[in-house]
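[1] Make a model of this:
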Amino acid sequence: MRINARLDEEYADKLAYIQQQTNQAVTDVIKSALELYYQQLQQQKNPFSMLTETGFIGCGEADPKLSVNYKSILRDGLKAKYDYR
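    I've put the predicted structure just below:
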């Protein structure tokens, strides 16, 4: 694939600096940059996997059927807390 790009002076200077430091052709510098960026994107994870890997999801404890009988659990908890009978 052939790519034509216009760079402003700042990026042209950066490209020239990289070429001087690495003795690479423009094509090789671009390939290296693309590879690095590609690897960074591959390492990014979605929010759900980040939360599960850190242990945030699943760290709380509750009744396994909380979504079904939350009203009675809340009622019993409030009775115990405020000593209602």
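[2] What's the first helix or strand after the worst-scoring helix or strand of the chain on mean pLDDT?
    Within the chain, no helix or strand scores below helix 47-54, which has a mean of 82 by mean pLDDT, DSSP states H and E. Using DSSP states H and E, the helix or strand that follows helix 47-54 towards the C-terminus is helix 70-82.
[3] so what does that following helix touch, helix or strand wise?
    Packing partners of helix 70-82 (3 or more CB pairs under 8 Å, 6 or more residues apart in numbering; DSSP states H and E): none among the helices and strands. Backbone N, C-alpha and C define where each C-beta goes, glycine included.
[4] and that helix, average pLDDT?
    What helix 70-82 shows for mean pLDDT is 90.
[5] mind saving the C-alpha coords of that helix as PDB?
    Extracted C-alpha coordinates of helix 70-82, given in PDB (Å, rounded to 0.1, in the frame of the first residue of the first chain):
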ATOM      1  CA  TYR A  70     -35.000  -7.800  48.000                       C
ATOM      2  CA  LYS A  71     -38.200  -6.300  49.500                       C
ATOM      3  CA  SER A  72     -38.400  -8.800  52.300                       C
ATOM      4  CA  ILE A  73     -34.600  -8.600  53.000                       C
ATOM      5  CA  LEU A  74     -34.900  -4.800  53.100                       C
ATOM      6  CA  ARG A  75     -37.900  -4.900  55.300                       C
ATOM      7  CA  ASP A  76     -36.200  -7.400  57.700                       C
ATOM      8  CA  GLY A  77     -33.100  -5.300  57.800                       C
ATOM      9  CA  LEU A  78     -35.000  -2.100  58.600                       C
ATOM     10  CA  LYS A  79     -36.900  -3.900  61.300                       C
ATOM     11  CA  ALA A  80     -33.700  -5.100  62.900                       C
ATOM     12  CA  LYS A  81     -32.000  -1.700  62.600                       C
ATOM     13  CA  TYR A  82     -34.900   0.400  63.900                       C
END
